[in-house]
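Visitor: Give me coordinates for this.
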Amino acid sequence: DFEGRDETPVVIDAVASDKTIARWVDRAIPQVREYTAPALDTPAPLPGTPMPWTIVPARFLDALAEASATSADGSSRYALDCVLIRAVDAGHEIVATDGHQFLVQGGFRLPWAGDVLVRRSPVFASKALPRDRPLEIGKTASHVVLRSGPLTLFLEPQTDARFPRVEGAIPGPGMSATRLHLDPADVRFLVP
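Guide: I've put the predicted structure just below:
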């Protein structure tokens with residue numbers, strides 16, 4: 001919210017027990033943002049857990065980690081900081097892009113129909129998440145839930161974000177995307 005264009009310091013003041021203000025200067029114009037701080041003694045309840053759980057291979061977690069590494073920050077048009085869990089004929093696949101390249105890993109059977117867009121996270125690559133056994137996945141009304149060993153991750157779908165369409169990025173067989181026209185003199189030079 002308060003990223004500037006230079007190294008100008010940001011001053012954060014707690015002005016009340018439930019209010020914090022951030023102040024900084026951007027291009028010689030003073031900026032102020034006010035934030036309401038939730039009470040620390042009453043954390044929000046965790047969403048319910050899905051029933052039933054579905055077992056997926058541990059490589060699902062690796063696919064999420066690789067997709068997170070492929071994605072990018074800073075796009076105002078598309079949610080390049082998200083990972084798409086896309087439904088396809090054979091199940092689901094994980095898709096990520098930074099706008100220049102994309103990664104698709106498939107072959108996952110998940111317990112829901114349709115696409116889900118979730119934020120990328122470095123936690124997917126964490127060594128604390130076991131990779132020597134399958135993990136469990138499910139979906140509630142509000143979250144995609146991953147359970148790996150003793151850890152449970154609640155991923156909130158990004159319903160208002162747009163992900164770029166990657167379906168047409170790789171042409172199908174028989175689709176020529178490029179044509180080469182050679183001058184007859186060049187043909188004689190290339191073909192002895």
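Visitor: Setting the sequence-adjacent residues aside, check what's closest to the most centrally placed residue in the chain.
Guide: Centroid-nearest residue in the chain, with CA atoms, centre = their mean: residue 82, separated by 2.0 Å. Closest residue to residue 82 apart from its sequence neighbours, by CB to CB, 6 or more residues apart in numbering: residue 117 at 4.9 Å. Where you see a C-beta, it was placed from the backbone N, CA and C, and this is true even at glycine.
Visitor: Thought residue 156 was touching the one you found, still the case?
Guide: No: using CB atoms under 8 Å, residue 117 and residue 156 do not qualify as a contacting pair, with a distance of 10.0 Å.
Visitor: Between these two, which is the more surrounded one?
Guide: residue 117 (20 against 11; other CB atoms under 10 Å).
Visitor: What's the separation between that one and residue 18?
Guide: Residue 117 is 32 Å from residue 18, where distance means CB to CB, to the nearest Å.
Visitor: ditto for residue 146
Guide: From residue 146 to residue 18 the distance is 33 Å (CB to CB).
Visitor: And for residue 63, the neighbour number?
Guide: Neighbours of residue 63 (other CB under 10 Å): 25.
Visitor: who does the helix or strand hosting it touch, helix- and strand-wise?
Guide: Residue 63 is located in helix 59-70, with elements delineated by DSSP states H and E. For helix 59-70, the packing partners by 3 or more CB pairs under 8 Å, 6 or more residues apart in numbering; DSSP states H and E come out as strand 82-88, strand 91-97, strand 102-108, strand 135-139.
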